[in-house]
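Peer 1: Show me how the following folds:
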Amino acid sequence: MTIRVLIVDDQMMVREGFSVLLNAMDGIEVVGEAVDGREAIAQVAALRPDVVLMDIRMPLMNGLEATREIVAADTDAKVLVLTTFDLDEYVYQALRAGASGFLLKDASARQLADGVRVVAAGEALLAPSVTKRLILEFSKLAETPKLADPGGIGELTEREKEVLVLIAQGLSNGEIAARLIVAESTIKTHVSRILVKLGLRDRTQAAVFAYETRLVTPA
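Peer 2: Purely as a prediction, here's the structure:
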C-alpha cells in the first residue's frame, strides 16, 4: 500500500524539497502541504494522510499544538516531527503531545523515506542526535515522588510489563521476540494489549509512559 504523506512547514523550499524527495521513493506519495498548524489540522481531516511531517516553529499555530489536536481527533495519521539541533528542546513536549518520532531536517532522502515507513508501520523513531535531550528530560522525573500505581500499570501482566520495558529501551518487535525467545506474532499481541490497557496511541507513547511511571529509568 502507498503511504500518504502531508508535509507541514512554513518554508516553501523545505516543503518542495521534501515533496520531491519523497515522491521519488517507491510506495510513498505526498498528498498535500500546509504552511502552519491550523492548515495542517484542516488538511489532515480532508486528505487523511498516513504520516504528517511536522515542523515545530510556525506562525498562527505551532507544530506542538497542531500535533495535540491531530492526535486528540483520533485520526490514523502518525506525526513525524522535523527538527534542527537548536530545536531539540521540544523533543519531550512533542512526544507527550503524541508525536511518533523525530527526524532532523538535514536527513538524507533515504533516511527521510525510511523514517516515514517506520512511523507508518507503528514503530517509534528518534534520531540518535536528539535522544540525549530526551533522556535528560526523563532523568528529571527521578526527582519526583513515584505513584503507588501510576496510570493503571497494575493492569498489565508481568510479561506485558517486561515487553513495555523493552519497548522503552528502543527494541523492535523482532528484537523483543529474540530476547524473550517467543514468536514475533506473540510480541505484537502483547504490544496491542499494552496499548489498549493503558489507553495509549502507539509505541512511542508507550515508551514515554514507561519512563514517566518509572518502570524504566535512564541509565
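Peer 1: Which parts of this protein are helices?
Peer 2: In the chain, the segments counted as helices under DSSP state H are 12-23, 37-47, 63-72, 91-97, 109-120, 128-140, 158-168, 173-180, 184-198, 203-212.
Peer 1: Which positions in stretch 29-37 come out as buried?
Peer 2: Buried residues in stretch 29-37, counted by 16 or more other Cβ atoms under 10 Å: 30-37. Where you see a C-beta, it was placed from the backbone N, CA and C, and this is true even at glycine.
Peer 1: Could you tell me how far it lies from the centre of the chain?
Peer 2: 18 Å (Cα atoms, centre = their mean, to the nearest Å).
Peer 1: residues in contact with L64?
Peer 2: Going by Cβ atoms under 8 Å, 6 or more residues apart in numbering, L64 touches 56, 90, 93-94, 97.
Peer 1: In this structure, where is pLDDT below threshold?
Peer 2: 85-89, 91, 124-151, 217-219 (pLDDT under 70).
Peer 1: what residue lies at the spatial centre of it?
Peer 2: For the chain, the residue nearest the mean C-alpha position is S100 (0.9 Å; Cα atoms, centre = their mean).
Peer 1: how near is that one to S185?
Peer 2: From S100 across to S185, the span is 22 Å (Cβ to Cβ, to the nearest Å).
Peer 1: same question, M12
Peer 2: From M12 across to S185, the span is 45 Å (Cβ to Cβ).
Peer 1: picking up where we left off before, can you lay out the contacts of L64 as CSV showing neighbour count and distance to V20?
Peer 2: Below are these laid out as CSV (neighbours: other Cβ atoms under 10 Å; distance: Cβ to Cβ, whole Å):
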residue, neighbour count, distance to V20
I56, 25, 22
Y90, 20, 26
Q93, 16, 30
A94, 25, 25
A97, 22, 28
